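Engineer: My questions concern the predicted model and sequence given below.
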Amino acid sequence: MRAVEIQEYGGPEVLKVVEADVPEPGPGQVSVDVAYAGVNFADLKARSEGYRVPALPFVPGLEVSGRVRALGVGVTGLSVGQEVAALTEGGGYADVAVADTVNVFPLPPGVGLRTAATLPAVLPTAYALVHTVGRLRAGETVLVQGAAGGIGTVTGQLAKAAGATVYGVVSGEAKAAYAREHGYDEVFVGDFEQAVREATGGHGVDLALDPVGGDTFRASLASLAVYGRLISFGNASGAPAWTVGQPELYPLGLSVGGFSILTLAQKAPAELRTLSERAFATVADGTVSLPVTAEFGLEEAAEAHRLMGARTSMGKLLLRVGG
């Protein structure tokens, strides 16, 4: 089979298409003939700096859609040929991928394989940020970094459906226009702290969602209202790990939390499955949609990484594997 391997860390050019053995599912796993694979920022970090890479060579790819190829020992409730979406621990950029059964989901009614590949990582993350960890309530305000990305696109729609006023932060005007089309009431380009205060009449926001870290994390914390919550769900800036304590939190009764879908998959897979099922229902009922804005062949994985790395992409990027 074909697979896209990282044999050394570096730029997009280190992604190599190779011939590899077809993986077999272990106990409690299934293998999937991949139709589409999602491209995520975590894949870029794996390629460039070894994020969550146990050893080289390594095949990136955290989310796929396709048809069940084979069942491992003890697997029930799934059948060969069934169309599914799956969250993997890597290996998605290939003709065949393996996933733990707890992270494999039959497609919701009306959802095709192309759309399904956008769901396993992005949608549960967005749902958790809004509902499970963020605990957003009707009438509150939320500030979302990266509002035009995959998670940002879904988060804006979920937050709007929850009855919130939704503010976004992006890096350019084209992204701002895109975000406004997907649930955002107002979108700020670049520096945002003063703009947030002005938009909220000086109060700040009730919930801030930050995948960037560093200076953006600190500015998001400074943008909170009394009793505000900040959820960190990434460190795209590569800045040193943030620290926050009594001086920052006590004066306004603030709280800071975190979320990682990949860590939750390892530590509490049953909780992740419940979260994912609730999140997938929002696509089936039409609450949210995630546009695929660019699609590449498997051999073009490097081009997909270049586009995402340039920070100009919007919505979701996919690799077309089996079609």
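Structural biologist: Happy to help now that I have it.

Engineer: those helices in the stretch 151-300 of the chain, which residues are they?
Structural biologist: Using DSSP state H, counting those that start in this stretch, the helices of the stretch 151-300 of the chain run over 173-180, 193-199, 214-222, 246-249, 261-267, 269-284.

Engineer: With mean pLDDT as added columns, please give the ones you listed in CSV.
Structural biologist: Converted to CSV, the helices of the stretch 151-300 of the chain look like this (pLDDT from 0 to 100):
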stretch, mean pLDDT
helix 173-180, 95
helix 193-199, 96
helix 214-222, 96
helix 246-249, 92
helix 261-267, 94
helix 269-284, 94
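
Engineer: List just the one of those that sits closest to Gly110.
Structural biologist: Set against Gly110 and scored by C-beta to C-beta, the helices of the stretch 151-300 of the chain come closest in helix 269-284, at 6.5 Å. Just so you know, the C-beta spots here come from the backbone N, C-alpha and C atoms, and that holds for glycine as well.

Engineer: which residues are in contact with that closest one?
Structural biologist: 87, 100, 102-103, 105, 108-111, 115, 119-120, 123-124, 126-128, 131-132, 158, 161, 261, 264-265, 288-289 (C-beta atoms under 8 Å, 6 or more residues apart in numbering).

Engineer: Quick one, which of the residues you listed are buried?
Structural biologist: Neighbour counting with 16 or more other C-beta atoms under 10 Å marks 87, 100, 103, 105, 108, 111, 115, 119-120, 123-124, 126-128, 131-132, 158, 261, 264-265, 288 as buried within the contacts of helix 269-284.

Engineer: which residue sits farthest out from the middle of the chain?
Structural biologist: Pro251 (32.6 Å; C-alpha atoms, centre = their mean).

Engineer: Give me the subset of the buried ones among the contacts of helix 269-284 lying in helices.
Structural biologist: Under the assignment DSSP state H, these contribute 115, 123-124, 126-127, 158, 261, 264-265 to helices.

Engineer: now for those residues, which pair is the farthest apart?
Structural biologist: Pairwise across those, and taking C-beta to C-beta, the largest span is found between Thr115 and Leu264, at 23.0 Å.

Engineer: Near the closest residue to Ala147 other than its chain neighbours, how many other residues are there?
Structural biologist: Using C-beta to C-beta, 6 or more residues apart in numbering and skipping the chain neighbours, the partner closest in space to Ala147 is Gly168 (2.7 Å). Residues within reach of Gly168, counting by other C-beta atoms under 10 Å, total 31.

Engineer: What residues does Gly168 make contact with?
Structural biologist: Neighbouring residues of Gly168 by C-beta under 8 Å, 6+ apart: 143-145, 147-148, 152, 156, 176, 179, 184, 186-188.

Engineer: per-residue pLDDT, it?
Structural biologist: pLDDT, Gly168: 98.

Engineer: average pLDDT for stretch 68-79?
Structural biologist: Averaging the model's pLDDT scores along stretch 68-79 yields 97.

Engineer: distance between that stretch and the chain's centre?
Structural biologist: 26 Å (C-alpha atoms, centre = their mean, to the nearest Å).

Engineer: again, but for stretch 95-115
Structural biologist: For stretch 95-115, the distance to the chain centre is 16 Å (C-alpha atoms, centre = their mean).
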